[in-house]
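Asker: Provided below for reference: sequence and predicted model.
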Amino acid sequence: MGTVVQLKNQINDTFAELKDSVDDKLTLVEERIKNKLVSKVNLIEKMTDYHLATGGKRLRALLTLCSAKLCGYIKGGRDINLAACIELIHAATLMHDDVIDNGELRRGKKTLNSLWGNQSSILVGDYLLSRCFEMMVEDGNLEILKLLSSTSAEISQGEVLQLQHKEEIDILEETYFKIISAKTASLFAAATRVGAILNNKEEKYKDALEFYGKNLGLTFQIADDTLDYNSEIKFFGKNTGNDFYEGKITLPIIALYQSCNEKEKVIIKDFFSKKIRNEKEFQIILDLIVKYKIINKCYKKAEHFITLASNSLTIFNDSKEKEILKNLTSFSLERAF
């Protein structure tokens, strides 16, 4: 138990260090988001206020602010505007995600679609995206406009690809990585690359930060997917089994299906062919995950991307921001393992 508490403290310290480094600007990001979501339509304001009240780490905004600081962007408020823009893109994708997945809970609270219906949730998500493009135009940098608009398109393609392969228990790992690269890692990559663009850094620095963000995003998603099947770590506030009960095929299930025998494959396939799964079935899956050491296999996959992310920062001079971003790779990995 002591090890778990120690790990929790280490993770909290790492995230707090990142937040503290740009806390003054993060407060302004929150204000910018609130101001941008003002609407004459009462329902839009009610739904966006509710969404903002559910919280969130603002990790992508923090990455933009910290990357900009790493690259020497200190004066001016463009980083604040673009960090807010990136958070709104993320918020819009969550709203659309919950509709697609029929999600009922997010961050421990009811989802927008469960309270106001799918149609309103999709339209409010679209409203957020329209505000994002407004903010990009206000910034006036064509390189950033191209980057964030193409990232939004990539996220949408990832959503469709995931929908296309929904319930495919024998989905290839390669396809899984294509999905999470588009859905999750692309926005992480954009968030960090923006930091280098803001201070007109050379292409090699832009590429390095984009590569860092992409690999951090891949690790983050692997960790998040694995967390759902790691019953030993419950202190993160996320209930285990959510992905299983929703029938999502993620890396732990893909790795398990590839590892188990034919009889067990039939059992797993049967579970995921059902519309509803129960606790007894989830426990069977957990037992198989332990049997075949699936958590450890997922860890090794994530470890590969973490090494790539960390190594990409070597191009930068030593600084507090560089150290924070390197430490963040541990945060994203250890949150699940």
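Answerer: Done, it's in. These numbers were taken from a predicted model, which means no experiment stands behind them.

Asker: contacts and neighbour counts: CA atoms only from here.
Answerer: Will do.

Asker: contacts for the helix or strand encompassing Lys69?
Answerer: Lys69 belongs to helix 59-70 when assigned by DSSP states H and E. For helix 59-70, contacts defined as Cα atoms under 8 Å, 6 or more residues apart in numbering pick out 18-19, 21-22, 25-26, 29, 74, 79-80, 82-84, 86-87, 187-188, 191-196, 198-199, 209, 319, 321-322, 325.

Asker: Cross those residues against strands and list the overlap.
Answerer: Secondary-structure check on the contacts of helix 59-70 using DSSP state E: no residue lies within strands.

Asker: Buried ones only from the residues you listed, please, as a ChimeraX command.
Answerer: What follows is the ChimeraX syntax selecting those of the contacts of helix 59-70 that are buried according to 16 or more other Cα atoms under 10 Å:
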select :18,19,21,22,25,26,29,79,80,82,83,84,86,87,187,188,191,192,193,194,195,196,198,199,209,321,322,325
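
Asker: Quick check: helices, which of the contacts of helix 59-70 are part of them?
Answerer: Among those, DSSP state H puts 18-19, 21, 25-26, 29, 79-80, 82-84, 86-87, 187-188, 191-196, 198, 209, 321-322, 325 in helices.

Asker: any idea how far Ala190 is from the residue nearest to Ile306 when sequence neighbours are not counted?
Answerer: Nearest-residue entry for Ile306: Thr329, 5.9 Å, with adjacent residues in sequence omitted and distances by Cα to Cα, 6 or more residues apart in numbering. Separation of Thr329 from Ala190 (Cα to Cα, to the nearest Å) stands at 17 Å.

Asker: and the residue of the chain positioned farthest from its centre, how far is that from Ile249?
Answerer: For the chain, the largest distance from the centre (Cα atoms, centre = their mean) belongs to Lys263, which lies 34.7 Å off. To Ile249, Lys263 is 19 Å away according to Cα to Cα.

Asker: what about Glu30, neighbour count?
Answerer: Burial of Glu30 is recorded as 18 neighbouring residues (other Cα atoms under 10 Å).

Asker: my guess is it contacts Ala84, does it?
Answerer: Yes. In this structure Glu30 lies within contact range of Ala84 using Cα atoms under 8 Å: 7.2 Å.

Asker: Only C-alpha atoms, please: export the helix or strand in which the residue farthest from the centre of the chain is found in CSV.
Answerer: Here Lys263, judged by DSSP H and E, is contained in helix 262-273. What follows is helix 262-273 as a C-alpha-only set of coordinates in CSV (Å, rounded to 0.1, in the frame of the first residue of the first chain):
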residue,chain,number,x,y,z
GLU,A,262,-8.9,-20.9,-28.5
LYS,A,263,-11.4,-21.8,-25.8
GLU,A,264,-10.7,-18.5,-24.0
LYS,A,265,-11.0,-16.6,-27.3
VAL,A,266,-14.5,-18.0,-27.7
ILE,A,267,-15.4,-16.7,-24.2
ILE,A,268,-14.0,-13.2,-24.8
LYS,A,269,-15.8,-13.0,-28.2
ASP,A,270,-19.0,-14.0,-26.6
PHE,A,271,-18.7,-11.3,-24.0
PHE,A,272,-18.1,-8.6,-26.5
SER,A,273,-20.9,-9.8,-28.8
